[in-house]
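Novice: Structure for this input, please:
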Amino acid sequence: MPLHPLQSHLRSGGHRKASLATALVSLCTPWVPLGAVPACARDVSPKVLRAAVQVQVPASVRELGEMVGIDSGSSDSAGLKVMATYLEARLAALGAKVERRPVPPAAGDMLVATLHGSGSAKFLLLAHMDTVYQPGAAAKWPFVVKGDQATGPGVSDDKGGIAVVLGTLAMLRQLRFADYGTITVAFNPDEEIGSPGSRTLIQDLGSQHDYVLSCEPGGKERILATSGIATLTMTVEGKPAHAGVAPQDGRNALVAAADVIARTRDWSEPDKGFKFNWTIARSGEKHNIVPDHAEATADIRYVREADVTALMARIQELAAVPTVAETKIGFTVNRNRPPMVPTDKARAIAVVAAQAATEFGYPVIIRDTPFGGGSDAAYAAASGKPGVVESFGIGGNHGHTFGEETADLGSLASSIYIMARTIMRLSDA
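Specialist: Numbering: from 1, shown residues only. Presented below is the predicted three-dimensional model:
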């Protein structure tokens with residue numbers, strides 16, 4: 001396969017002339033800590049970058065702990081406000097212009113922060129502030145570090161991703177690197193519920209940038225493809241009757257729904273990236289009444305829209321002749337996130353990230369087939385303009401599980417290094 005132009009450029013070195021690098025020193029941000037590299041050089045040496053990462057990591061771990069200590073569930077408006085205030089201050093301290101944008105029906109505002117450099121490449125860094133946990137989770141389950149593992153609500157999903165973004169920006173500032181055109185940071189408050197309020201803004205921001213680096217948990221993976229997500233709702237209308245005296249007069253909606261569920265339970269085709277699973281069912285109010293209403297919901301993961309269309313045709317045909325006579329069965333499909341498919345530009349970005357990972361001594365795998373998970377990165381990719389790569393966040397396990405979610409702090413240094421090096425090299429492309 002021929003090299004993408006970006007890969008060819010990077011493989012050839014992509015070094016700018018010393019005279020040009022020297023000329024741009026005057027464009028660097030004026031604030032520099034004692035001992036920082038006094039240059040805007042695009043090709044900061046691995047040794048210098050590694051040293052800067054090691055200096056940054058303790059501060060990033062501290063910030064991660066502070067964020068985990070803030071309850072910020074998707075419906076927790078008070079907690080999301082505290083989280084946004086914390087991050088607004090951190091981003092402003094890093095020199096960014098920060099805006100809070102209401103994204104109803106989300107319970108909190110979205111943060112959009114912008115940094116301007118001397119170059120032309122435009123980057124969008126994505127992560128989300130919300131978690132799946134309820135108010136009070138942080139008090140019951142505080143942030144704890146044991147060796148290279150940390151635990152706490154949202155520690156990897158996705159406060160670890162936010163820590164990578166903040167750490168990367170802090171390090172670029174420390175190294176006086178400003179050869180990018182624009183870095184925009186977007187932290188949304190509703191990812192865990194499908195981003196109903198923020199999805200349009202994410203899509204708009206994606207269309208305005210060249211590169212999107214999304215920070216869901218990653219560790220040793222960089223992801224180019226995510227599944228589309230949809231939910232199917234089935235409703236069944238029957239007729240009530242006394243379950244003991246005259247059940248024959250009723251039309252049992254629960255039995256009709258159960259029959260459809262049983263006959264469709266094996267419709268998944270994982271080899272095609274298509275997964276169909278019933279997850280919720282409700283029916284009946286009293287034990288002695290034949291239920292006249294039933295409802296069930298199925299989770300759908302897909303790569304091709306045609307597979308969802310085919311599913312609907314099959315299930316409608318099946319429901320047209322219900323097992324329980326005189327019941328009526330209906331279906332609705334709500335599409336949540338679209339699928340994200342790999343592009344040549346995304347592959348080229350992933351190669352740059354993989355090269356950075358190897359340089360750091362932490363090899364990563366590029367995954368270009370969907371695995372069932374969805375991502376806000378798919379919204380950012382919808383316009384087809386930017387190259388989008390997911391999972392620049394830290395590694396972790398047991399996400400969405402109270403008392404068990406962990407983050408691999410051993411991947412924090414590599415994650416910051418990889419994101420920083422990726423931005424540097426793409427700025428030079």
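Novice: secondary structure class for Ala59?
Specialist: Look at Ala59: counting by DSSP: H, G, I helix; E, B strand; the rest coil, its state is helix.
Novice: Enumerate the positions of stretch 273-282 that are buried.
Specialist: Using 16 or more other C-beta atoms under 10 Å as the test for burial, stretch 273-282 gives 273-276, 278. C-beta coordinates here come from the backbone N, C-alpha and C atoms, glycine included.
Novice: actually stretch 392-402, not the one I wrote
Specialist: In stretch 392-402, counting by 16+ other C-beta under 10 Å, buried: 392-396, 399.
Novice: which residue ranges form the helices in the protein?
Specialist: Listed in chain order, the helices of the chain (DSSP state H) span 5-11, 18-24, 46-68, 77-93, 137-140, 159-174, 199-207, 253-264, 305-319, 344-360, 377-381, 412-427.
Novice: Can you flag the weakest of those helices by average pLDDT?
Specialist: Ranked by mean pLDDT, those bottom out at helix 18-24, with a mean of 30.
Novice: does Asn334 have beta-bridge partners, and which?
Specialist: Asn334 has the following beta-bridge partners by DSSP bridges: Thr231.
Novice: For it, the count of nearby residues, please.
Specialist: Using other C-beta atoms under 10 Å, Asn334 is surrounded by 12 other residues.
Novice: Report the separation between it and Gly410.
Specialist: 39 Å (C-beta to C-beta, to the nearest Å).
Novice: Switch the helices of the chain over to a markdown table; also include distance to Ala150 and mean neighbour count.
Specialist: What follows is these, written out as a markdown table (distance: least, C-beta to C-beta, whole Å; neighbours: other C-beta atoms under 10 Å):
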| stretch | distance to Ala150 | mean neighbour count |
| --- | --- | --- |
| helix 5-11 | 34 | 15 |
| helix 18-24 | 38 | 12 |
| helix 46-68 | 7 | 18 |
| helix 77-93 | 18 | 18 |
| helix 137-140 | 13 | 16 |
| helix 159-174 | 8 | 26 |
| helix 199-207 | 28 | 19 |
| helix 253-264 | 40 | 20 |
| helix 305-319 | 39 | 15 |
| helix 344-360 | 20 | 21 |
| helix 377-381 | 24 | 28 |
| helix 412-427 | 9 | 25 |
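Novice: so which of these gets nearest His293?
Specialist: helix 253-264 (5.3 Å; C-beta to C-beta).
Novice: any idea how far Ser375 is from Cys215?
Specialist: Per C-beta to C-beta, Ser375 is found 10 Å from Cys215.
Novice: Look at these two and report which has more neighbours.
Specialist: Neighbours per residue, other C-beta under 10 Å: of Ser375 and Cys215, the larger number sits with Cys215, 28 against 24.
Novice: Any idea what Arg367 is bridged to?
Specialist: Beta-bridge partners, per DSSP bridges, of Arg367: Ile223.
Novice: residues contacting Lys272?
Specialist: Each residue near Lys272 by C-beta atoms under 8 Å, 6 or more residues apart in numbering is listed here: 303-304, 307.
Novice: how does it look with 7 Å?
Specialist: Neighbouring residues of Lys272 by C-beta atoms under 7 Å, 6 or more residues apart in numbering: Asp307.
Novice: And it, how close does it get to Ser227?
Specialist: Distance of Lys272 to Ser227, computed by C-beta to C-beta: 11 Å.
Novice: what do you get for Lys122?
Specialist: 27 Å.
Novice: Looking at the two, which has the bigger crowd around it?
Specialist: More neighbours surround Ser227 than the other of Lys122 and Ser227, with 24 against 18 (other C-beta under 10 Å).
Novice: residues in contact with the spatially closest residue to Gly219 that is not a sequence neighbour?
Specialist: Leaving aside its sequence neighbours, Gly219 sits nearest to Gly395 (C-beta to C-beta, 6 or more residues apart in numbering; 2.3 Å). Neighbour list for Gly395: 217-220, 408, 411 [criterion: C-beta under 7 Å, 6+ apart].
Novice: Export these as CSV, with columns for pLDDT, neighbour count and distance to Pro363.
Specialist: Output for the contacts of Gly395, formatted as CSV (pLDDT from 0 to 100; neighbours: other C-beta atoms under 10 Å; distance: C-beta to C-beta, whole Å):
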residue, pLDDT, neighbour count, distance to Pro363
Pro217, 95, 26, 17
Gly218, 90, 28, 13
Gly219, 86, 23, 11
Lys220, 91, 14, 7
Asp408, 96, 21, 15
Ser411, 96, 24, 12
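Novice: mind giving me CSV with the residues you listed and columns for distance to Ile418?
Specialist: Shown next, in CSV, are those (distance: C-beta to C-beta, whole Å):
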residue, distance to Ile418
Pro217, 14
Gly218, 9
Gly219, 11
Lys220, 10
Asp408, 14
Ser411, 10
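Novice: Run a quick neighbour tally on Ala325.
Specialist: Count around Ala325 with other C-beta under 10 Å applied: 9.
Novice: which residues does the nearest residue to it once chain neighbours are set aside bridge with?
Specialist: Nearest residue to Ala325 in three dimensions, chain neighbours excluded: Arg251, at 7.1 Å (C-beta to C-beta, 6+ apart). Legend: beta-bridge partners of Arg251 under DSSP bridges are Lys239.
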